[in-house]
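> Quick one: sequence and predicted model below, then my questions.
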Amino acid sequence: ITNVPYVVLGLYATKLGLCGLTFSLFLRSRGAGRESLIFSTGYALMSYNMAYQLDIMWLDVIVLFPLVIWGIHRIFERKSPFFYLTALFFSILFNYYIGYMVCIFSVLYFLSLFFLGEKRKKFWDPGILGNYLTASFLAGGLAMAMLLPVLRSLKGGKSSFDLSALTMRQTLHLQNLPVKLFIGSFDYDQISGGLPNLYCGLVCLLFAGIFFLCRSVSWRKKLRTGLLLVILCVSFYFNAFNLIWHGFNPPIWFPYRYSFTFCFLVLSAGWEGFRAAKTCSRKQLTVMAGFVLLLMTAAAVWMNARKFVFMSEIQYVGNLLVLFAAGVITVLCAKKRQRLGTLLLLLLCAGELCANGVVIFGRIRLRDNAVYQEFVRRTEPAVQYVKELDDSFYRMEKMFFLTRNDPMLFDYRGLSHYSSTEKQAVKHFMGQMGFRNRGIWAQYNRGSTCAADSLLGVKYILSEDENDVVPYPLLDTVGDIRIYRNPYALPLGFCTDEAVLHWDMEDPHMFELQNRLWASMCPEIGQDIFVEEEADPVRLKNAAQSEDNPCTYVTVDPDKRAYVIYTFTASSDDPVFAYFDTDEMRRVQVSVNGEDRGVYFHVDQYDIIRLGSFEKGQKVKVKLRLLKDYVNITNAWFYHQDMDVFEQYFARLNDEGFEIEAYSDARLAGSVDNHSGTQRLLFTIPYEEGWQVFLDGKRADTEAGAGIFLTTQIPEGSHRVELRYVPPGLKEGLALSAGSLVLLLVWIFVRKRARKRFLKNVS
């Protein structure tokens, strides 16, 4: 685990190198020589690859993209279409999302060549249009074994398609685009929604300008490249087109994820311009380079007047000096010193691209590797201790974190998760159970109620702060990590009442919601687990209620601390929990009887708080210190968990639990004894169509219960139970892929037969 950052860095560097290699191979297939290194370096180190380093899985397709375009050119050259088919197939297979964007651009690029190529082709030319269409459809068909399950699994994700979203509203100001052509034109905040990343080297941009100015370049090449660039700019500008590129879903962070196609066109045009420059006189090159420099100077002046926070006057001057140097080298090394000129331009281009990379790496907010190493050093031994102690199936969580995907890092079954494909219903359920739901991720953090831990089978909890409130006995300490064992953790499955199917989680009152959930699982008990503590009227210190909103408390004297204070008398010695609701997140510091409970109304902490256990009759004071000039609190709930009632529920459900005897990532097998005759077997696994449940070897029907969980009917008695997961759409996808493979083999056979007949007739 400690080597993960180095492995990721190695993968990233390798992919960048492969990007340069494939682009260089593409240019060499078009007749390029040593100069291909200039433009392939631009492709490898373009801002897109630098800025989106956090999504290195996208780079697999960026590597293959030049090969896809090379394959299209081969089709026009009447060469085998299988090169294009293979490159497109692997683009879709390696990353369906960016592969989808490549498919769109493939169509646009093919049409531009078809109608604006050097020799216009007949529309029904079977050697070009037929080969392109056949290869494209077969590439998609071969990938169906992966695509169909993916499409089915994406339902219910963080964003869904809404036809009304396809509007022609603008997503950016086109007049701001030129700033993204400069070195260092990156701002971390723009990752969450800004301008597309278009920089790919000023040296390359200079020759792209020469491409459009040089008379020796055919008007057809200029027109098709210009049209494609205009189409991309229009896509950047209009929301509807931008959404189409993104699969009809608005991107959350990392906007304009198809902007690599813009860089590809600029770099391709740049190489064409470099080749054309060899035939130009020094006078012609001086005029063209001067015109490009003049345009970029005007753009720099214009952009500087618009005051972008990530660009300064010095940066603009530095950019213009690089462009001027490139122009001087181009002019002075024309004709007689072309090798020297190519070398100098390569060094200049590599230098500016590296400088841009340094700027981007410096602005992306990443944790220092030392922080990661220290976190792993402290945490891994404790996780391994629990794994060696208990090899059964259970969930484990931590009250501290490095990322929301720590369970994946340390390979344990947890609740915290951050994924673009995670179902919204799952995250919503987590929030309703009192955990932190941010909308794009859900997190355990400082936990929720004992009942929520029990329901979800959280058996072990790790804490690094001795002040953390953990309502379970301490099992052991490994280093400075405390390990707590929850004696009330339920198994993964247990028998419940049919009423669990009708429980509705759409209630903002989390404690009453949990009361109804447990009552629906065991109606024969039917008592409330959570009992409200009667709080005294709210007291304010250096704060006053807002005249506009009685739920808003405003600091009176900004030089003094302001508090909102709640007090209640503990009605039992059971654990007490609190939840504060708000219409606006404004941070406060929470303390309970003088003991700090951390920051609340914070991105990581807006959930149920464990206040602790108190003696019956003890006065409890909960103070919220305002960290901003005001705070909005619409509700403040204080509840204790009646442990006597809770233990009745736990004993009843645990007694008819699913005993797991064997498990893997896609299969669980064991037994259950339904001696009470309840109607449902509930698994705390999110319901999905792919889960198949077998009772005594026979397939059983499944339904969603308790809002999101997998359930099935179960008769009275002892039963063997097996769960298998088969991705929905896998069988159909495999069938389509197999059919596409058969068609591909037939096509290869037919082409070989046709080629043999042609050669026989020629001879």
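Sure thing, it's come through.

> what's the single longest helix in the chain?
Secondary structure of the chain per DSSP state H: the longest helix is helix 730-762.

> Give the buried residues for that one.
Judged by neighbour count (16 or more other Cβ atoms under 10 Å), helix 730-762 contains these buried residues: G733, L736, S737, S740, L744, W747. Heads up, the C-betas are built off the backbone N, CA and C, glycines and all.

> again with stretch 171-181
T171, L172, L177, P178, V179, K180, L181.

> who does the longest helix of the chain touch, helix- and strand-wise?
The helices and strands touching helix 730-762, judged by 3 or more Cβ pairs under 8 Å, 6 or more residues apart in numbering; DSSP states H and E, are helix 131-142, helix 144-153.

> could you give the mean pLDDT of stretch 459-473?
Average pLDDT, stretch 459-473: 92.

> Report the buried residues of it.
Buried, per 16+ other Cβ under 10 Å, within stretch 459-473: K459, Y460, I461, L462, S463, E464, D468, V469, V470, P471, Y472.

> And the strands in the stretch 601-750 of the chain?
609-613, 619-626, 630-632, 635-641, 659-664, 667-674, 680-686, 691-695, 698-700, 702-705, 709-713, 717-725 (DSSP state E, counting those that start in this stretch).

> pLDDT value on the residue lying closest to R724 once chain neighbours are set aside, please?
The shortest distance from R724 to any non-neighbouring residue, by Cβ to Cβ, 6 or more residues apart in numbering, is to Q692 (4.7 Å). Predicted confidence (pLDDT) for Q692: 95.

> Same check on L166?
In this model, L166 carries a pLDDT of 70.

> check contacts around it.
Residues counted as contacts of L166 (Cβ atoms under 8 Å, 6 or more residues apart in numbering) are N239, A240, L243, I244, F248.

> swap the cut-off to 10 Å and go again
Contact analysis of L166 by Cβ atoms under 10 Å, 6 or more residues apart in numbering lists F238, N239, A240, F241, N242, L243, I244, F248.

> ranking those by neighbours, who comes first?
N242 (23 neighbours; other Cβ atoms under 10 Å).

> how much space between that residue and F236?
N242 is 7 Å from F236, where distance means Cβ to Cβ, to the nearest Å.

> Would you agree the residue nearest to R724 is in contact with T702?
Yes: with contact defined as Cβ atoms under 10 Å, Q692 reaches T702; the gap is 7.8 Å.

> Doesn't F494 lie inside a helix?
No: applying DSSP: H, G, I helix; E, B strand; the rest coil, one finds F494 to be strand, outside a helix.

> Quick check: bridge partners of it?
G657, L682 (DSSP bridges).

> That one: neighbouring residues, count only.
With other Cβ under 10 Å as criterion, F494 counts 25.

> Could you double-check that it lies in contact with I660?
No: applying Cβ under 10 Å, one finds F494 not in contact with I660, separated by 11.9 Å.

> Low-confidence regions, the protein specifically.
Residue ranges of the chain with pLDDT under 70: 119-126, 156-165, 192-193, 758, 762-763.

> give me that answer again for 50
Scanning the chain for pLDDT under 50 picks out the ranges 123.

> related to what we said a few turns ago, dump the helices and strands packed on helix 730-762 into CSV; add mean neighbour count and distance to D581 as well.
Compiled in CSV, the helices and strands packed on helix 730-762 are given as follows (neighbours: other Cβ atoms under 10 Å; distance: least, Cβ to Cβ, whole Å):
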stretch, mean neighbour count, distance to D581
helix 131-142, 20, 48
helix 144-153, 19, 33
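
> returning to what we had before: ok, so of the buried residues of stretch 459-473, who is nearest G357?
Comparing the buried residues of stretch 459-473 against G357 with Cβ to Cβ picks out E464 as the nearest, at 35.7 Å.

> List the single closest residue to that closest one in space, sequence neighbours excluded.
Using Cβ to Cβ, 6+ apart, the closest residue to E464 is F400 (4.9 Å).

> Endpoint to endpoint, stretch 437-455 covers what distance?
End-to-end distance for stretch 437-455: 18 Å, by Cα to Cα, to the nearest Å.

> Give the burial count for the residue nearest to R724, as a bare number.
15.

> Name the SS class of the one residue sitting closest to the centre of the chain, please.
The structure's the chain has its C-alpha centroid closest to S420; by Cα atoms, centre = their mean the separation is 4.4 Å. Assigned by three-state DSSP, the conformation of S420 is coil.

> repeat for I62
Assignment for I62 (three-state DSSP): helix.

> Starting from K15, give me the distance back to it.
Applying Cβ to Cβ to I62 and K15 gives a distance of 8 Å.

> between the two, which one's more packed in?
Counted by other Cβ under 10 Å, I62 and K15 do not tie: I62 has more neighbours, with 28 against 20.

> Which residue ranges of the stretch 301-450 of the chain form strands?
Using DSSP E, counting those that start in this stretch, the strands of the stretch 301-450 of the chain run over 395-398, 417-418, 436-437, 441-443.

> Can you tell me which of those is nearest to I72?
strand 417-418 (37.3 Å).

> Note down every partner strand of that closest one and its orientation.
Assessed with DSSP bridges, strand 417-418 is paired to strand 441-443 (antiparallel).

> who touches the partner strand?
Strand 441-443 is contacted from outside by 158, 397, 401, 403-406, 414-420, 422, 426-431, 433, 435-437, 603-605, 607, using Cβ under 10 Å, 6+ apart.

> roughly how far is stretch 514-521 from the heart of the chain?
34 Å (Cα atoms, centre = their mean, to the nearest Å).

> returning to that earlier point: between Q692 and T702, what contacts are shared?
What both Q692 and T702 touch, as defined by Cβ under 10 Å, 6+ apart, is the set T712, L723.

> Between N242 and F236, which contacts overlap?
Shared contacts of N242 and F236, counting by Cβ under 10 Å, 6+ apart, come down to Q170, T171, L172, P196, P255, Y256, Y258.

> What number of residues are in the vicinity of D507?
The burial count for D507: 14, using other Cβ under 10 Å.

> make that H502, sorry
9.

> what about it, distance to G707?
In terms of Cβ to Cβ, H502 sits 10 Å off from G707.

> and if you look at Y563?
Y563 is 37 Å from G707, by Cβ to Cβ.

> Ok, R34 next?
63 Å.

> neighbour count winner among the two?
G707 (21 against 12).

> Helices of the stretch 501-650 of the chain, residue ranges please.
Along the stretch 501-650 of the chain, counting by DSSP state H, counting those that start in this stretch, helices occupy 510-521, 643-655.

> out of those helices, deepest packed?
helix 510-521 (a mean of 22; mean count of other Cβ atoms under 10 Å).

> Could you list every helix and strand in contact with it?
Helix 510-521 is packed against helix 424-432, helix 450-455, strand 493-496, strand 530-532, strand 575-581, strand 635-641, helix 643-655, with contacts defined by 3 or more Cβ pairs under 10 Å, 6 or more residues apart in numbering; DSSP states H and E.

> Comparing these, which comes out most buried?
By mean count of other Cβ under 10 Å, the helices and strands packed on helix 510-521 have strand 493-496 as the most buried, with a mean of 26.

> follow-up on the earlier one: buried subset of the contacts of strand 441-443?
The buried subset of the contacts of strand 441-443 - by 16+ other Cβ under 10 Å - is 158, 397, 401, 404, 406, 414-420, 422, 426-431, 433, 435-437, 605, 607.

> Can you name the residues that contact F254?
Y48, A51, Y52, L54, D55, W58, Q190, I191, S192, G193, N197, H246.

> What is the burial count for the first one?
A count of nearby residues for Y48, using other Cβ under 10 Å, gives 28.

> My guess is it contacts L198. True?
Yes: here Y48 lies in contact with L198, judged by Cβ under 10 Å, at a distance of 8.2 Å.

> Residues that sit against both of these two, list them.
Common neighbours of Y48 and L198 (Cβ under 10 Å, 6+ apart) are Y256, S259, F260, F262, C263.
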